[in-house]
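Visitor: Task: produce atomic coordinates for the following.
(one chain, ligands or ions: 1)
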Amino acid sequence: MSKIYGEADNRVKALDDVSFSIKQGEFVLIVGSSGSGKSTLLNMIGLLDHPTNGKIAIDGIDTTTLNDDKISSFRNKKLGFIFQFSNLLTDLSVLENVLLPLQIAGNNTSEKDAIDLLRAVGLEDQIHKRANKISGGQAQRVAIARGLINKPSIVLADEPTGNLDSVTSGTIVQLMKSMAKKLNQTFIIVTHDREHFGDVDRVITIKDGKAFEGDQPSQMEIIAK
Ligand SMILES: Nc1ncnc2c1ncn2[C@@H]1O[C@H](COP(=O)(O)OP(=O)(O)OP(=O)(O)O)[C@@H](O)[C@H]1O
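Guide: Numbering: from 1, shown residues only. Next up, the predicted model:
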């Protein structure tokens, strides 16, 4: 799978023939220096953008063949997003923001699940605050709870611990790992904080748009192919 931005003189090959497969339940880190293509890869797996060449298969479905409606419903049902600049709706409370994905997916709203998650990210005393009255780090933790509330089978996170102190980062990492185990969720996490994550199933390094595991070019198939 490749992704090229722009044309002619402005052409940037952000992903260059990246190919790997991730199994259900794997906890995977994507690391690499700034500008290497990590966010581009996450956007492709999250079906937020299309690859220029190749395909992304999820659960055996080649997502490049799906129309926009199908992509939206696929995204709502299967994927959870924790993106650093994923804005919260500022007119809503912290709790309402976390409940939103349940309502969009038409799932039964479970306030208890939302409150449990907010407690797990250390925000139980902020749940009725409006989202514009909390700090950046707290907003990041709300975004984490919001990304997990639907119990998505695949969670995509871009720098989920980026705004957080190391104690809170540790709590968040433990929460994500325990959810991954309990619900057999796949986590694909872009991070600059490799050390905060401790033991993980796999680490994929992106270098100049190419994917490596260990020192070897990644040779596995599917998900991004
Ligand atoms: N929308 C875009 N249009 C043009 N070029 C882009 C676009 N998005 C990313 N790029 C370019 O693609 C390359 C990969 O960018 P990407 O954001 O995926 O890197 P990254 O590894 O996530 O970086 P960082 O760690 O700084 O977030 C960079 O050269 C970047 O400038």
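
Visitor: Enumerate the residues of the protein near the ligand.
Guide: 5-6, 12, 14, 32, 34-40 (Cβ under 6 Å from any ligand atom). C-beta coordinates here come from the backbone N, C-alpha and C atoms, glycine included.

Visitor: How about E213: what's its closest non-neighbour residue?
Guide: In space, E213 comes closest to I204 once its chain neighbours are excluded; the distance is 5.7 Å by Cβ to Cβ, 6 or more residues apart in numbering.

Visitor: what secondary structure does that neighbour sit in?
Guide: strand (DSSP: H, G, I helix; E, B strand; the rest coil).

Visitor: got a pLDDT number for it?
Guide: What the model reports as pLDDT for I204 is 95.

Visitor: Could you measure from it over to F81?
Guide: 19 Å (Cβ to Cβ, to the nearest Å).

Visitor: ok, the two, which is more surrounded?
Guide: I204 (22 against 19; other Cβ atoms under 10 Å).

Visitor: got the contact list for that one?
Guide: Residues in contact with I204 (Cβ atoms under 8 Å, 6 or more residues apart in numbering) are 20, 28-31, 211-213, 218.

Visitor: how about 6 Å then?
Guide: 30, 211, 213 (Cβ atoms under 6 Å, 6 or more residues apart in numbering).

Visitor: Next: N43.
Guide: Contacts for N43 (Cβ under 6 Å, 6+ apart) come out as D49.

Visitor: from here on, count from 20
Guide: Okay, using 20 as the starting number, the last item reads as N62.

Visitor: Give me the three-state assignment for it.
Guide: Relying on three-state DSSP, one would call N62 helix.

Visitor: just checking, G73 touches M20?
Guide: Yes: counting by Cβ atoms under 6 Å, G73 touches M20, with 3.3 Å between them.

Visitor: Which of the two has more residues huddled nearby?
Guide: M20 (23 against 16).

Visitor: How about the secondary structure of the most centrally placed residue in the chain?
Guide: Note on the chain: the residue nearest the mean C-alpha position is L175, at 1.5 Å, using Cα atoms, centre = their mean. Judged by three-state DSSP, the three-state class of L175 is strand.

Visitor: pLDDT wise, what is it at?
Guide: At L175, the model reports a pLDDT of 96.

Visitor: and if you look at the one 5 residues further on?
Guide: Per-residue confidence at T180 stands at 89 (pLDDT).

Visitor: for D35, same thing?
Guide: For D35, the pLDDT comes out at 94.

Visitor: and what of the one 4 residues further on?
Guide: With respect to pLDDT, F39 has a value of 88.

Visitor: okay, the biggest helix by length in the chain in CSV with CA atoms only?
Guide: Assignment by DSSP state H gives helix 185-202 as the longest helix of the chain. C-alpha atoms of helix 185-202 as CSV (Å, rounded to 0.1, in the frame of the first residue of the first chain):
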residue,chain,number,x,y,z
SER,A,185,4.1,10.0,33.2
VAL,A,186,1.8,8.8,36.1
THR,A,187,-1.3,9.5,34.1
SER,A,188,0.3,8.0,31.0
GLY,A,189,1.0,4.8,32.9
THR,A,190,-2.6,4.6,34.0
ILE,A,191,-3.9,5.1,30.5
VAL,A,192,-1.5,2.5,29.1
GLN,A,193,-2.6,-0.1,31.7
LEU,A,194,-6.3,0.7,30.9
MET,A,195,-5.7,0.1,27.2
LYS,A,196,-3.8,-3.1,27.8
SER,A,197,-6.4,-4.5,30.1
MET,A,198,-9.2,-3.6,27.7
ALA,A,199,-7.2,-5.2,24.9
LYS,A,200,-7.0,-8.5,26.9
LYS,A,201,-10.5,-8.4,28.3
LEU,A,202,-12.3,-7.7,25.0
